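Enquirer: Pasting the sequence and the predicted model now:
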Amino acid sequence: MEAKKTPKKTIKKAQMSKRALLFLLMSLIWGSHWIAIKIGVASVPPVFLAAARYLVTAIILVIVIPGAWKPFSPKMLTRTVCTGLLAIVGSFALLFWGMQYVDSGVSALINLSVVPIGLFGLTVAFGQEAPTLRHVICLAIGICGLFALFAGRASFSLANNEIMGAASILAGTLLYCLGSVLSRPLLTDCSPMQLSAAHAVVGAIGLGLISLSTEAISGHTFRNVIQPAPIFAIGFLVIFGTIAYAIYLSLVRDWGASAAGLYAFVSPVVALILGSIIFGEPIGAAKLAGAALLLLAAAIATNRALAPRHLCGFAKQQISGLRKSA
């Protein structure tokens, strides 16, 4: 007897469930990695920390991942270097510089709200995706959630430094979005882990040069970086940050950058919970409402059954059933 073939619909549903779980794992990691960064920058300069993280990542991935140098082949070299400079080097440098002058709540609000909007706009502009009502609804709900979540923490004046800082955070976030969108074609010829390795190499070199030229680096800095706290921070970012970035690239390939970027609506909720557990930060009604809106936006994005047209169809079925039973 011939074995029964698994229906394509079942396979597709299983793939969607797997990707949704990966999306959740990525969001959990990126919602908690801020703790590692906070621990690390208490001892060493921020760009130096980022450079050290990508240097260690690059060394490990180049050794462990087969074909790690493939993205640097002549066919992909230019796009690989450009996307690494945009998504890693330029993004991190501008974000860290801007965060020196802007309140943390404002920084988070700018970054997290611009990521999904920027990715959506750029994927449409580059013809990778077509705009849909589902996209618009997810973005609207998610942005409202971010404002509710960070409303009490965001303060902003019109001082020149703060304006320049906010502009720097905005520019860094847009560079990250552009690098993500331009990375998608590379993923047809290399794996997410191979591209992660290549971006780590670009990140280590670029951020290392920026750190040496802009930060006060001395022998004391190098001694500090091998202390327990920075080692923990770098270790966490190397292991879990690499896993999250590889998942992100795989979702960019499979879902598109705009859907993958909706981690920006889940990670703040993770950070909110961890902040309450670890640092005893209070959670008020506004934050709970914001978290609920963010999770709703992410649920609509990752579960087609919650898409507007499906919900409308479900509602019509229920109304029709009630009429028949009446």
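Expert: In hand now; what should we look at?

Enquirer: where along the stretch 51-200 of the chain do the helices fall?
Expert: 77-84, 91-99, 104-125, 133-150, 160-183, 192-214 (DSSP state H, counting those that start in this stretch).

Enquirer: For this protein, which element, helix or strand, carries the lowest mean pLDDT?
Expert: Ranked by mean pLDDT, DSSP states H and E, the helix or strand of the chain with the weakest confidence is helix 308-325, at a mean of 45.

Enquirer: ok so, going back, mean pLDDT and distance to residue 239 for the helices of the stretch 51-200 of the chain - can I get that in CSV?
Expert: For every residue, glycine as well, the C-beta is placed using N, CA and C. Formatted as CSV, those follow (pLDDT from 0 to 100; distance: least, CB to CB, whole Å):
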stretch, mean pLDDT, distance to residue 239
helix 77-84, 97, 20
helix 91-99, 86, 18
helix 104-125, 82, 23
helix 133-150, 82, 28
helix 160-183, 89, 21
helix 192-214, 96, 12
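
Enquirer: who wins for proximity to residue 35 among those helices?
Expert: Closest to residue 35 of the helices of the stretch 51-200 of the chain is helix 104-125 (CB to CB; 13.5 Å).

Enquirer: Count the residues that sit near residue 275.
Expert: 18 (other CB atoms under 10 Å).

Enquirer: cool, and the one 10 residues further on?
Expert: By the measure other CB under 10 Å, the count of residues near residue 285 is 8.

Enquirer: What's the separation between it and residue 270?
Expert: 19 Å (CB to CB, to the nearest Å).

Enquirer: Please apply the same query to residue 100.
Expert: 25 Å.

Enquirer: Just want to know which of those two has more residues nearby.
Expert: residue 270 (20 against 11).

Enquirer: Give me the distance from the lengthiest helix in the chain to the chain's centre.
Expert: Scanning the chain for the helix with the most residues, using DSSP state H, yields helix 8-41. Taking CA atoms, centre = their mean, to the nearest Å, one finds the center of helix 8-41 at 10 Å from the center of the full chain.

Enquirer: same question, stretch 129-137
Expert: Distance of stretch 129-137 from the chain centroid (CA atoms, centre = their mean) equals 19 Å.

Enquirer: Pull up the distance across it, start to finish.
Expert: 16 Å (CA to CA, to the nearest Å).

Enquirer: Can you give me the buried ones in it?
Expert: Of all the residues in stretch 129-137, those buried under the rule 16 or more other CB atoms under 10 Å are 129, 134, 135, 137.

Enquirer: Then stretch 172-181?
Expert: Buried residues in stretch 172-181 (16+ other CB under 10 Å): 172, 173, 174, 175, 176, 177, 178, 179, 180, 181.

Enquirer: would you turn the residues you listed into TSV with distance to residue 26?
Expert: Listed next are the buried residues of stretch 172-181 as TSV, based on distance: CB to CB, whole Å:
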residue	distance to residue 26
172	20
173	18
174	21
175	20
176	15
177	16
178	20
179	17
180	13
181	17
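
Enquirer: and which of those residues is nearest residue 251?
Expert: Closest to residue 251, out of all of the buried residues of stretch 172-181 and judged by CB to CB, is residue 180, at 10.3 Å.

Enquirer: got the contact list for that closest one?
Expert: Neighbouring residues of residue 180 by CB atoms under 8 Å, 6 or more residues apart in numbering: 83, 87, 119, 248, 252, 257, 260, 261.

Enquirer: Can you tell me which of those residues is closest to residue 65?
Expert: Distances from residue 65 to the contacts of residue 180, taken by CB to CB, are shortest for residue 248, at 16.3 Å.

Enquirer: Export the helices of the stretch 51-200 of the chain to a markdown table and append columns for distance to residue 20.
Expert: Formatted as a markdown table, the helices of the stretch 51-200 of the chain follow (distance: least, CB to CB, whole Å):
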| stretch | distance to residue 20 |
| --- | --- |
| helix 77-84 | 26 |
| helix 91-99 | 26 |
| helix 104-125 | 17 |
| helix 133-150 | 14 |
| helix 160-183 | 19 |
| helix 192-214 | 17 |
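
Enquirer: if we compare the ones you listed, which one ends up closest to residue 40?
Expert: Here helix 91-99 is closest among the helices of the stretch 51-200 of the chain (CB to CB), at 11.9 Å.

Enquirer: now the angle from the closest one to helix 160-183?
Expert: 160 degrees (axes from the mean of the first three to the mean of the last three CA atoms, to 10 degrees).

Enquirer: What is helix 91-99 packed up against?
Expert: helix 46-64, helix 104-125, helix 160-183, helix 192-214 (3 or more CB pairs under 8 Å, 6 or more residues apart in numbering; DSSP states H and E).

Enquirer: run the last query once more with 6 Å
Expert: helix 46-64, helix 160-183 (3 or more CB pairs under 6 Å, 6 or more residues apart in numbering; DSSP states H and E).
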